[in-house]
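Q: pasting the sequence and the predicted coordinates here, then a few questions.
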Amino acid sequence: MGIRKKMMAYAAIVLVMGFAGPAWGANIYVSPTGGGDGSMGSPTDLQSALDTAQTNSEADTIYLQEGSYDASNAGENTFEYGSGTNDGMKINLSGSWNSAYTTQKTTDAPSTILDGGGTSRVLDIHADTASFAFAIEYLRIQNGYLAANNGHGVGLRAVNDSGLAINLYILHVGFEDNIAQIAEGGAYGGGMWANCYFEIREGRFVNNHAFYAGAMNFSTTDPSVSPIIDNCYFEGNLAGNSTTYRGRISVLNFSNSPVITNSVFIGDSTTTWTGSAIHSYGGTTNTLTVDRCIFANHYTNDWGAAIHIWDYDATITNSLFVNNHAGHGASGGKGGAIAIYDDDPVIPAHQVTVTNCTFVGNRSDSVVAPGLGGAIHNRIQALTVTNSIFWNNDNVDIYRESGTATISYSDIEGGLAGTNFTDGGNNINANPMFVNIAGDPSTWDLQLTGSSPCVDTGDNLVLSQLPAIDLNGNNRYWDGDQDGQYVVDMGPYEFGAVSTIFLQVTPTSDNDCKPDWDCDLQSALDISAIAAGINKEIRLAQGTYTGNFTYTPDSGNNGKLSILGGWSTNFSTRTLDPSNTILNGNRTGRVLTLDRTNNTSGSLKVEGLTIKNGLQYGISGGGLLAYTYSPGEIEINKNIFEGNESTFGAGGAIIGTHDNTAQTGAPITFTNNIVRNNLAATGSDNGGGGIFLYGSSSLLVANNLIYNNEVGGTFVGYGGGAYLVGLTGPVYVINNTIVSNRASTAAGGLYLQGGGWGNTYFHLYNNIIGSDPACVECREDMVNNISASVPAAGNSLTISHNNYNELVNSPGAVVPVETGNFGGDPMLVSESVPDFHLRKGSPCIDTGTNAAPNMPATDIEGTLRPLDGNKDGVATADMGCYEMVAGSFPWTMFLPAITNQAHP
């Protein structure tokens with residue numbers, strides 16, 4: 001890729017605002033010509049809106065129509081908020097709305113412009129009497145101008161007074177052509193100046209000028225304030241003047257601990273000076289973090305054209321440095337790309353790490369060390385470089401003037417002779433074999449080719465310090481040379497890495513498990529468990545797989561694991577029918593274990609499988625155990641669970657997402673499955689003959705057929721069909737058929753429990769729920785054991801438009817809100833055959849509700865929902881997992897592969 005590929009004129013919005021908080025209070029509407037009262041029909045001008053928001057004691061959103069707003073015409077020749085009394089409430093300044101305020105432009109260049117007219121600061125924000133949060137989105141701030149002695153922040157200034165705080169959130173805002181008079185010193189921050197906490201996402205800073213920090217200056221003595229800059233673009237920003245301090249700090253100046261990610265810094269190629277892109281200065285506890293950034297074409301007569309680190313800790317990863325020049329036109333420059341300096345040798349040396357970066361075409365003109373440190377120059381501090389590439393820089397790429405510097409697992413042109421670096425081992429001096437390094441640097445592609453000596457030759461021990469993705473956004477940990485060993489590459493790009501690897505599995509394969517090779521299922525699960533940070537999709541060819549299969553990744557293994565059945569033998573097509581891909585546990589153990597309890601973020605998906613004949617002793621889950629920590633999600637779709645047994649609970653499957661320590665969770669979806677003929681018995685406290693699901697974010701159980709399952713036997717047992725636990729958040733039980741199940745103690749059909757960590761909200765809509773009608777002792781259809789008081793009053797149960805006969809509310813349970821429910825025979829085709837479609841004349845036809853939350857658009861067989869099943873001219877959802885097609889005979893459309901497979 002060329003060095004500009006990474007981004008970014010104005011990208012489509014991919015991140016939400018930095019804070020949520022309470023809902024906004026007042027809405028104030030603004031237009032470029034507004035003079036009204038601020039209502040939607042009578043918009044006001046921007047300064048009047050800011051004045052109102054400052055004192056109305058509400059959290060306000062100010063909606064700005066598209067168009068240009070002239071700051072030089074405002075009362076103080078600038079748009080201003082917070083000077084004098086302010087109410088301390090949140091403000092959201094939201095631009096790029098159409099004239100009716102109904103649609104907002106959120107891609108490309110914002111269409112609302114705040115313009116300084118070349119005579120004044122554009123926007124000024126103060127915390128004079130109270131702290132507050134201020135959000136700015138979808139605007140351009142441009143053409144501001146200040147003389148050198150008139151202060152800092154030409155486009156935007158955000159000022160905390162002593163003891164107060166502004167939290168500033170900026171999303172998709174452009175700062176362009178804002179200029180502080182640069183003939184003299186004293187002006188900081190052409191684009192913006194802030195001494196408060198801020199987050200900037202999808203920002204664009206172009207052609208801003210100041211004596212210091214052409215784009216942005218951040219200054220505070222509060223060590224707890226660490227600003228965030230993500231997915232931003234900087235180009236053509238200048239600092240200093242043409243005769244003195246040329247290019248002092250062109251882009252960012254910091255005196256605290258910023259985190260800068262996924263951003264691009266391009267110098268001004270039309271001048272011979274621009275300044276260091278990033279300058280960080282002072283503070284024994286401060287750390288600069290840079291990840292997945294590109295720095296190109298920066299020129300300075302000072303130190304460090306890309307990054308100048310002065311008395312700072314720093315962590316720099318996954319970044320690219322191209323054609324940067326220190327000491328250009330002068331004699332004092334050191335470190336063409338990065339200069340590291342500590343002027344206080346008495347205190348312990350600051351720690352700087354550079355990991356998985358590439359330096360190409362950088363230059364230093366230092367008189368002290370001519371031609372040395374073309375890429376990096378270190379003085380006094382402690383520097384560690386790992387997994388990096390230095391090529392085509394000055395004749396000595398890296399140089400230690402003093403302090404300590406160690407390099408390992410890196411490619412250094414010319415080796416370490418003359419660098420004063422300590423050799424940490426496993427360094428090479430070999431052509432890195434970039435894709436293209438000829439011609440104009442803007443056309444270079446510094447990714448590695450397959451023959452590069454830098455592929456799979458890095459140090460995996462640094463993986464814990466690296467983000468999971470490389471500079472391209474692909475997964476970092478990859479087997480680039482296909483030798484079966486996953487080893488990190490040198491440089492910011494991981495060769496061959498993709499966001500998802502596809503593993504092909506057949507019932508008879510004994511090949512090594514590599515992408516595009518057929519292998520056995522357990523081998524595919526094993527390689528998935530060690531492939532950290534990568535999404536894995538295991539594709540199973542149709543057939544029967546016998547065994548007990550386990551996936552237990554180590555701590556830190558991120559990414560999603562998908563196990564998908566139904567593939568043809570050459571993996572060219574897929575038929576989504578769970579009867580064609582069978583995992584048979586052969587009653588020797590649980591069939592499939594997906595246990596991510598050592599992981600904090602991996603998602604799981606299982607689709608298109610029959611999971612049968614599992615037998616698990618002593619713990620839950622005879623057929624499937626699927627477990628992950630938040631924020632990992634679980635999706636179980638279109639499977640059959642049959643003939644499985646557990647001696648403790650969850651005969652068919654146990655599925656959960658939560659973290660007991662943090663009391664957090666992630667969504668579970670259990671949809672379009674058939675759960676039949678499973679048993680949880682012969683132990684104590686059994687729950688869930690068919691399934692046991694528990695989660696603490698959201699739980700969706702929809703379009704499932706659950707029948708002929710049993711829990712308890714002669715022991716205690718709850719929830720013959722299903723046992724659902726909501727620890728906090730919503731639980732949706734929608735359009736399921738849960739019939740002919742048995743429980744020894746309570747709830748032959750469905751057992752509900754909630755309220756462990758926070759408020760839980762159960763929603764039951766359009767279900768058919770019943771225990772085995774042929775069994776007198778098989779217990780009530782449903783039990784409600786959702787606490788009315790634990791952890792606090794606020795749990796709820798809504799039961800709407802369901803068919804069931806008996807509900808038991810446990811002592812202390814919430815009182816359900818019921819509407820549209822009825823009992824009696826649902827008139828299924830046959831529970832003994834079995835066939836659970838609705839017969840003609842069933843009371844469950846068209847008696848559900850279309851308002852059911854998260855109602856699937858089709859039934860378990862793919863029939864559209866809702867249909868007009870009773871021919872009354874109104875399409876209304878049926879109850880249960882099958883939708884009645886008017887005028888048809890349901891047994892003729894019955895799918896034996898899905899719902900009538902014989903028990904083994």
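A: Great, that's in hand. Numbering: from 1, shown residues only.
Q: where does pLDDT dip in the stretch 351-500 of the chain?
A: 366-372, 395, 477, 497-499 (pLDDT under 70).
Q: then the stretch 101-250 of the chain?
A: 148-151, 182-186, 221-224, 241-250.
Q: what does the stretch 651-800 of the chain give?
A: In the stretch 651-800 of the chain the weaker segments, taking pLDDT under 70 as the threshold, are 658-665, 682-686, 714, 756-757, 772-778, 791-792.
Q: could you tell me how many residues sit around the nearest residue in space to residue 866 that is not next to it in sequence?
A: In this structure, residue 866 finds its nearest non-sequential neighbour in residue 877, 4.1 Å apart by C-beta to C-beta, 6 or more residues apart in numbering. Heads up, the C-betas are built off the backbone N, CA and C, glycines and all. Residue 877 has 26 neighbours, counted by other C-beta atoms under 10 Å.
Q: so residue 877 touches residue 852, yeah?
A: Yes: in this structure, residue 877 is within contact of residue 852 by C-beta atoms under 8 Å, at 6.7 Å.
Q: which neighbours do those two share?
A: Residues touching both residue 877 and residue 852 (C-beta atoms under 8 Å, 6 or more residues apart in numbering): 735, 766.
Q: the residue nearest to residue 866 and residue 679: what is the separation?
A: 32 Å (C-beta to C-beta, to the nearest Å).
Q: kindly report the same for residue 455.
A: Here the criterion is C-beta to C-beta. By it, residue 455 lies 52 Å from residue 679.
Q: what does residue 62 give?
A: Applying C-beta to C-beta, the value for residue 62 to residue 679 is 62 Å.
Q: one more: residue 54?
A: Distance from residue 54 to residue 679, counting by C-beta to C-beta: 67 Å.
Q: which of those two has more residues huddled nearby?
A: Higher neighbour count among residue 54 and residue 679: residue 679, with 26 against 22, using other C-beta under 10 Å.
Q: run through the bridge partners of that one.
A: On the basis of DSSP bridges, residue 679 is bridged to residue 645, residue 710.
Q: contact partners for it?
A: By C-beta under 8 Å, 6+ apart, the residues touching residue 679 are 622, 644, 645, 646, 651, 689, 709, 710, 711, 713.
Q: mind doing that once more with 10 Å?
A: For residue 679, the contacting residues are 615, 622, 643-647, 651-652, 686, 689-690, 708-713, 717, 720, 742, by C-beta atoms under 10 Å, 6 or more residues apart in numbering.
Q: then residue 407?
A: Residue 407 makes contact with 354, 376, 383-388, 390, 397-398, 400, 416, 419, 421-427 under the criterion C-beta under 10 Å, 6+ apart.
Q: so of those residues, which ones are in strands?
A: If you go by DSSP state E, those have 354, 376, 383, 384, 385, 386, 390, 397, 398, 400, 422, 423 in strands.
Q: residues near the fourth one, how many?
A: The number of residues packed around residue 384, counting by other C-beta under 10 Å, is 17.
Q: quick one: contacts for the closest residue to residue 322 other than its chain neighbours?
A: Of all residues not flanking residue 322 in the chain, residue 296 sits nearest, at 4.4 Å (C-beta to C-beta, 6+ apart). Contacts for residue 296 (C-beta under 10 Å, 6+ apart) come out as 2-4, 235, 264-267, 269, 277, 306, 320-324, 337, 360-362, 441-442, 444.
Q: residue 492 too?
A: Residues near residue 492 by C-beta under 10 Å, 6+ apart: 291-294, 317-321, 355-358, 387-389, 446-447, 470-472, 476.
Q: filter those down to the ones in strands?
A: Using DSSP E, those in strands are 291, 294, 317, 320, 321, 355, 358, 389, 446, 447.
Q: just the residues you listed now: which is nearest residue 604?
A: In terms of C-beta to C-beta, no member of the ones in strands among the contacts of residue 492 lies closer to residue 604 than residue 291, at 27.5 Å.
Q: any idea what that closest one is bridged to?
A: Applying DSSP bridges to residue 291 gives these bridge partners: residue 261, residue 317.
Q: and the gap between it and residue 492?
A: Following C-beta to C-beta, the distance that separates residue 291 from residue 492 is 10 Å.
Q: which neighbours do the two share?
A: Joint contacts of residue 291 and residue 492 (C-beta under 10 Å, 6+ apart) are 317, 318, 319, 355, 356, 471.
Q: possible to save those as CSV with distance to residue 285 and neighbour count?
A: Below are those laid out as CSV (distance: C-beta to C-beta, whole Å; neighbours: other C-beta atoms under 10 Å):
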residue, distance to residue 285, neighbour count
317, 20, 26
318, 24, 26
319, 23, 29
355, 21, 25
356, 26, 33
471, 29, 27
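Q: which of those sit farthest apart?
A: Distances among these were taken as C-beta to C-beta; the most separated pair is 355 and 471, at 12.3 Å.
Q: and for these two, which residues touch both?
A: 291, 317, 318, 319, 492.
Q: pretty sure the last one is in a strand, no?
A: No: with the criterion set as DSSP: H, G, I helix; E, B strand; the rest coil, the secondary structure at residue 492 is coil rather than a strand.
Q: now do the same contact list for the residue nearest to it when sequence neighbours are not counted.
A: Of all residues not flanking residue 492 in the chain, residue 471 sits nearest, at 3.9 Å (C-beta to C-beta, 6+ apart). Residue 471 makes contacts with 1, 5-6, 262, 291-294, 317-320, 356-358, 446-447, 491-494, as judged by C-beta under 10 Å, 6+ apart.
Q: neighbouring strands of the helix or strand residue 68 falls within in the sheet, and parallel or not?
A: Residue 68 belongs to strand 67-70 when assigned by DSSP states H and E. According to DSSP bridges, strand 67-70 forms sheet pairs with strand 112-115 (parallel).
Q: and the next helix or strand past the strand it pairs with?
A: As assigned by DSSP H and E, the chain's next helix or strand after strand 112-115 is strand 123-127.
Q: mind listing what that next one pairs with, with the direction of each?
A: Strand 123-127 pairs in its sheet with strand 79-81 (parallel), strand 156-160 (parallel), by DSSP bridges.
Q: reformat those strands as a markdown table; add distance to residue 434 and mean neighbour count.
A: Putting those into a markdown table (distance: least, C-beta to C-beta, whole Å; neighbours: other C-beta atoms under 10 Å) gives the following:
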| stretch | distance to residue 434 | mean neighbour count |
| --- | --- | --- |
| strand 79-81 | 47 | 24 |
| strand 156-160 | 39 | 24 |
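Q: with distance to residue 216 as new columns, can these be given to me in JSON lines?
A: As requested, those are exported to JSON lines (distance: least, C-beta to C-beta, whole Å):
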{"stretch": "strand 79-81", "distance to residue 216": "19"}
{"stretch": "strand 156-160", "distance to residue 216": "9"}
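Q: which one of these lies closest to residue 815?
A: Ranking the strands paired with strand 123-127 by proximity to residue 815 (C-beta to C-beta) places strand 79-81 first, at 48.2 Å.
Q: identify all contacting residues around the closest one.
A: Under C-beta under 10 Å, 6+ apart, the answer for strand 79-81 is 45-47, 49-51, 53-54, 62, 69-71, 73-74, 91, 93, 114, 116, 120-127, 132, 134, 141, 156-158, 166.
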